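Enquirer: For reference, the sequence and a predicted model appear below.
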Amino acid sequence: MDGGRALLLRLYNASPDPLYLDGIILMRAFTGVDPEMENVDYVQGTFSFQFPGTPVTGRQYPIQPGQCLVVASDATNHAQFCPNSVDLRTADWETFNALSNDFDNPSVPNLNNIVPGRTTDFLISLSHDAVFISTGEEYTITPENRVQVPVSMVIDGVEYSGNGGVAKHITVRVDAGYAGVGLTRYSAQTIERRERGLDTNDSTFDFTILPRPTPGWFHGD
């Protein structure tokens, strides 16, 4: 994950087989502290965008073994606005909200907003937040306009914070730690898994901080 409002996420297939993005949901976690989060069987997201295709059974959008795909909030050259940012015009995917005046790069396929009434693009906090990806086969919209997904359908989740002492936003069943402890805002740094495919569900252990953005690239290459 590369920091800043560009929302750059890298999806990597560490398995020996093709995987498929059809119908998968990308969510920003609800950022309130829920004292019951370890006792309920769901997670909640505020900003939620879905890949096209049929969840689980769809085979239109593969990610090949060893392939890394880039998801951008806006697939544009962010370096023209901030020199420390990145050029994402060649991102593989872009989040798009048809309910707003959202930037849309016609050369990049879209993940689409699935929250009724949510009129902004995918936004994340620069200091403390969490993101999930889920299978997309089951979700509900709560009265508070949040997307609610069973924990069993969460493929992965990462909570990040520059301060490892803050209260968690997501259940330890998804992520017991924090990526990016010590990272400062607007530093143009990157948080990346220490090894390809490493996932112990403890991001404090799983992730390391790199000194610069690395879209589509792994530090071991």
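Expert: Cool, the structure landed.

Enquirer: Now Arg185: closest residue in space that isn't a chain neighbour?
Expert: Leu126 (4.4 Å; C-beta to C-beta, 6 or more residues apart in numbering). Glycine gets a C-beta too; all of them are placed from N, C-alpha and C.

Enquirer: actually Thr140, sorry about that
Expert: Nearest non-adjacent residue to Thr140 (C-beta to C-beta, 6+ apart): Gln148, at 4.9 Å.

Enquirer: bridging residues for the one you found?
Expert: Taking DSSP bridges as the rule, Gln148 bridges to Gln44, Thr140.

Enquirer: if I look at it, how far off is Val115?
Expert: 11 Å (C-beta to C-beta, to the nearest Å).

Enquirer: Please enumerate the shared neighbours of those two.
Expert: Shared contacts of Gln148 and Val115 (C-beta atoms under 8 Å, 6 or more residues apart in numbering): Ile141.

Enquirer: ok, the residue nearest to Arg185 touching Thr184?
Expert: No. Shown here, Leu126 and Thr184 do not form a contact pair, counting by C-beta atoms under 8 Å, at 9.3 Å.

Enquirer: Point to the residue nearest the middle of this protein.
Expert: Geometric centre of the chain, nearest residue: Val131, 4.6 Å, by C-alpha atoms, centre = their mean.

Enquirer: Okay, strands next: where are they in the protein?
Expert: 9-12, 19-20, 25-29, 42-50, 62-63, 68-72, 93-96, 110-113, 128-134, 140-141, 147-150, 154-161, 190-193, 207-210 (DSSP state E).

Enquirer: Asp87: which of the ones you listed is closest?
Expert: Taking C-beta to C-beta, strand 68-72 is the member of these nearest to Asp87, at 10.1 Å.

Enquirer: so Ala75 sits right up against Val108, yeah?
Expert: Yes. Using C-beta under 8 Å, Ala75 makes contact with Val108 at a distance of 4.1 Å.

Enquirer: okay but Ser100 is in contact with Gly117, surely?
Expert: No. Contact criterion C-beta under 8 Å: Ser100 and Gly117 do not qualify, at 11.0 Å.

Enquirer: Those two: who's more crowded?
Expert: Using other C-beta atoms under 10 Å as the criterion, Ser100 and Gly117 rank with Ser100 on top: 12 against 8.
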